[in-house]
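**Student:** 3D, please:
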Amino acid sequence: MSIVDLPIFGPSHTNRSLRVGAQVTRNFYPELNELSGEPTSLMPFPGLKSFANVSPSSNRGMGIFGNELYTISGTTLYKVASDATVTSIGTIAGTDRCVLTDAGLELVITNGFTKP
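**Tutor:** Numbering: from 1, shown residues only. The predicted structure is shown next:
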């Protein structure tokens, strides 16, 4: 029987009883030591940094069109520019999730989309 090195590390511990341990590590990856190839630390994934402030209402969907981000928060459609400038550009009725799709020359927004 051979021994297999299993490099498990990090501050995660779950147990049936929350009193024993309720820690869960999410959205981190192990960074390797360049000399040994062994994990040395947990690093956050890129992209988990706040970029722009949009209305605190519930997010109903996002999509990219013409190198700009479009998002629906509450009933308001916003455009988020690459410099983090947020502009309200219209309203979308309802409270259901929306799908925003780049259709070439137009941004198509489907309201009330549900998976089959």
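
**Student:** Show the average pLDDT along stretch 64-80.
**Tutor:** The pLDDT scores in stretch 64-80 average 92.

**Student:** Can you mark which positions in that stretch are buried?
**Tutor:** For stretch 64-80, the buried set under the neighbour-count rule, 16 or more other CB atoms under 10 Å, comprises Phe65, Leu69, Tyr70, Thr71, Ile72, Ser73, Gly74, Thr76, Leu77, Tyr78, Lys79, Val80. Every residue, glycine included, has its C-beta placed from N, CA and C.

**Student:** Show me the shaky parts of the protein.
**Tutor:** The chain contains residues with pLDDT under 70 at 1-25, 37-39, 47-49, 113-116.

**Student:** can I see the domain layout of it?
**Tutor:** Here the domain parsing of the chain from automatic domain parsing is 1-48, 59-111.

**Student:** Looking at the buried residues of stretch 64-80, which one is closest to Thr101?
**Tutor:** Taking CB to CB as the measure, Thr101 lies nearest Phe65 of the buried residues of stretch 64-80, at 8.4 Å.

**Student:** Just to check, the closest one is in contact with Leu105?
**Tutor:** No. Here Phe65 does not reach Leu105: they are 9.8 Å apart, not a contact under CB atoms under 8 Å.

**Student:** For Tyr29, give the beta-bridge partners.
**Tutor:** Met43 (DSSP bridges).

**Student:** Thought Pro46 was touching it, still the case?
**Tutor:** No. Judged on CB under 8 Å, Tyr29 makes no contact with Pro46 at a distance of 9.8 Å.
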